[in-house]
Every structure is written in C-alpha cells, then in structure tokens.
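J.: Dropping a prediction and its sequence here:
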Amino acid sequence: MKTKFIKLLFTLFITLSLSAQYTIVSAVALNEGAEDQYLKLEEFYGPAHDLAIEKGLQTLQAVFKVTSETDAENGPHYIIVTGFNSKEQLDNYTSGNVSYLDLAVEAYKGKMSSRAVTRMMNTTGSESKERRNYITQGVDQTIWSGGDLKPGDTMNLTPTQALNDDFENYETKFWKPYIEKAIIKGQHRWWALSKVIDTNENAYDTVSHFFWNMSVEGSNWWSEIDQDDFKFQKLQEGLNAASQHADQISLELVSIHN
C-alpha cells in the first residue's frame with residue numbers, strides 16, 4: 001500500500017515542460033486549403049526545434065490543433081507554444097539572436113542541402129493569413145498528473161481579461177485549491193494561469209491572461225462543490241467580477257519537442 005502511495009505522489013508531481021516560466025503563444029489562422037502545407041512545414045522545423053533545445057535556446061515547442069469551432073474573424077486553426085525557462089532565454093530568442101535558418105542547416109546536414117533548407121524556410125508564412133503572438137509569464141499552476149504529454153492529448157485554453165487587481169489572487173488562492181483536490185482524486189490533470197506581458201501588433205488587446213486546463217474524460221468534479229456554502233458564494237461573486245472569459249478553445253496536441 002505504501003509503495004502504491006509513493007508511486008502516486010511521484011506521478012502527481014511530474015512537472016509539465018509546457019509550464020515553462022515564459023512562453024510565446026501563437027494563434028495561427030491558416031489560408032484556405034493550406035493545412036497540409038502547414039503541417040509539413042511544422043514537421044520540417046522539428047529537427048531545428050530539437051537542436052535549439054539541445055543548445056539551450058528554448059525548452060519547449062508544442063503544436064496544438066484547434067478542435068472547437070469559432071465564429072471569430074481569423075479565428076485560429078492552430079496554437080503554437082514555445083517555452084523558455086528564463087527571461088534571458090526569452091530575450092535572446094525575441095531579439096533575433098536565434099537563427100532558425102542556421103539551426104535547420106545544421107540539423108539537416110548530410111540529409112538536405114543548405115539551398116534546399118533555405119528554399120523550404122522561405123515558404124514560412126505563405127500558409128497563414130494571420131499570426132497573433134502573446135508573450136506570457138507563468139503566474140501559478142497546480143500539480144501535474146497523468147504522465148507526459150503525447151500527440152493526441154487534449155487540452156483547453158481560455159483567453160481572459162482581468163477586470164481588477166484582485167483577479168490573480170482569486171484564481172490562485174481561491175479556485176486553484178479546488179482544482180488540486182480534484183487532481184488528487186484523479187478527476188482532473190492540470191491547471192495553469194499565465195499573464196500576457198507583450199504581444200505583436202495584431203494580437204487582441206482584450207487578452208490579459210490565459211488559463212490552461214487538462215481534464216479527465218467524464219469528470220465533473222465541480223458538481224461536488226457545495227454551491228450553497230456562503231463563503232463559496234461570496235468568493236465566487238468576487239471571482240466573477242474580477243475577470244471576463246472569452247470562449248474556451250479546445251486543443252489537440254499534434255507534436256511536442258522538449
């Protein structure tokens with residue numbers, strides 16, 4: 001019994017590399033009929049991402065397919081997450097010091113000519129009509145359970161706008177403990193909150209934070225909360241007044257490098 005309990009704790013405290021301290025979240029809207037081209041491009045970049053991670057230039061690259069429908073103009077078809085363990089690593093990447101052309105040429109040495117690599121790299125961007133980039137910093141996260149991320153795993157992303165300065169405290173000090181209890185019971189896998197610290201020009205200015213959630217199929221752990229509890233009701237009122245959530249985005253992992 002003791003051995004099983006230790007194994008359970010070990011599983012619960014595995015850290016997801018997606019929870020890097022800093023991330024670039026890219027919402028990619030594709031041109032019509034360009035999905036195959038885009039996926040081939042992401043596959044091509046894979047060895048370069050692996051090399052960038054090996055060299056300590058980044059810590060994660062994950063591509064998610066958006067599986068939920070949206071009526072938003074130029075709504076994303078894919079979400080790319082690039083992770084960094086420090087502000088220094090992020091700044092080195094965003095300052096242009098990291099050349100993916102050089103990384104790709106090195107990664108494909110002996111397999112593809114530098115001319116062919118350059119030609120492939122030059123097609124980047126032709127498959128998409130818009131990319132909205134959000135640089136985020138982690139605020140808080142729960143323990144992690146369920147093993148490593150793998151292609152086919154699903155996740156939910158919720159863009160959010162904070163309406164007052166109490167927002168992060170409500171989420172981390174009030175709501176997070178409920179989720180962690182659900183995780184310990186095997187009813188949820190992971191929750192995280194990150195804040196937007198910078199964006200590109202075409203990113204939505206109504207997004208100040210992102211929620212990440214990995215659920216357990218069939219679980220509705222929130223129904224077990226005593227909704228009539230006075231303290232819970234008052235805290236929930238404060239939480240609702242502190243933020244405005246956009247529609248939840250359902251994601252399926254396509255590829256991950258870490």
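T.: In hand now; what should we look at?
J.: And the helices in this protein?
T.: 2-12, 35-54, 87-94, 100-107, 114-121, 167-169, 176-184, 230-242 (DSSP state H).
J.: looking at those, which is closest to Trp144?
T.: Of all those, helix 2-12 sits nearest to Trp144, with 7.1 Å by C-beta to C-beta. For the C-beta atoms, the positions are set from N, CA and C on the backbone; glycine is no exception.
J.: What residues does Gln244 make contact with?
T.: Going by C-beta atoms under 8 Å, 6 or more residues apart in numbering, Gln244 touches Thr160, Gln161, Leu163.
J.: Check the gap between it and Thr59 for me.
T.: 31 Å (C-beta to C-beta, to the nearest Å).
J.: Might you list the low-confidence residue ranges for the stretch 1-150 of the chain?
T.: The stretch 1-150 of the chain contains residues with pLDDT under 70 at 1-19, 71-73.
J.: please redo it, this time with the cut-off set to 90
T.: Along the stretch 1-150 of the chain, segments meeting pLDDT under 90 span 1-20, 69-75, 96, 125, 144-148.
J.: before we move on, back to that, I'd like to know which of the helices of the chain is closest to Ala29.
T.: helix 35-54 (10.6 Å).
J.: Can I get that closest one in PDB? Just the C-alpha atoms.
T.: Only the C-alpha atoms of helix 35-54 are listed here, as PDB (Å, rounded to 0.1, in the frame of the first residue of the first chain):
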ATOM      1  CA  GLU A  35      -3.400  22.800 -43.700                       C
ATOM      2  CA  ASP A  36      -1.300  20.100 -45.300                       C
ATOM      3  CA  GLN A  37       1.300  22.700 -46.200                       C
ATOM      4  CA  TYR A  38       1.400  24.000 -42.700                       C
ATOM      5  CA  LEU A  39       1.700  20.500 -41.100                       C
ATOM      6  CA  LYS A  40       4.600  19.700 -43.500                       C
ATOM      7  CA  LEU A  41       6.300  22.900 -42.500                       C
ATOM      8  CA  GLU A  42       5.900  22.100 -38.800                       C
ATOM      9  CA  GLU A  43       7.300  18.600 -39.400                       C
ATOM     10  CA  PHE A  44      10.300  20.200 -41.300                       C
ATOM     11  CA  TYR A  45      11.000  22.500 -38.300                       C
ATOM     12  CA  GLY A  46      11.000  19.600 -35.800                       C
ATOM     13  CA  PRO A  47      14.800  18.800 -36.000                       C
ATOM     14  CA  ALA A  48      15.600  22.500 -35.700                       C
ATOM     15  CA  HIS A  49      13.500  22.700 -32.600                       C
ATOM     16  CA  ASP A  50      15.300  19.700 -31.100                       C
ATOM     17  CA  LEU A  51      18.600  21.300 -31.800                       C
ATOM     18  CA  ALA A  52      17.500  24.600 -30.300                       C
ATOM     19  CA  ILE A  53      16.500  22.800 -27.100                       C
ATOM     20  CA  GLU A  54      19.800  20.900 -27.100                       C
END
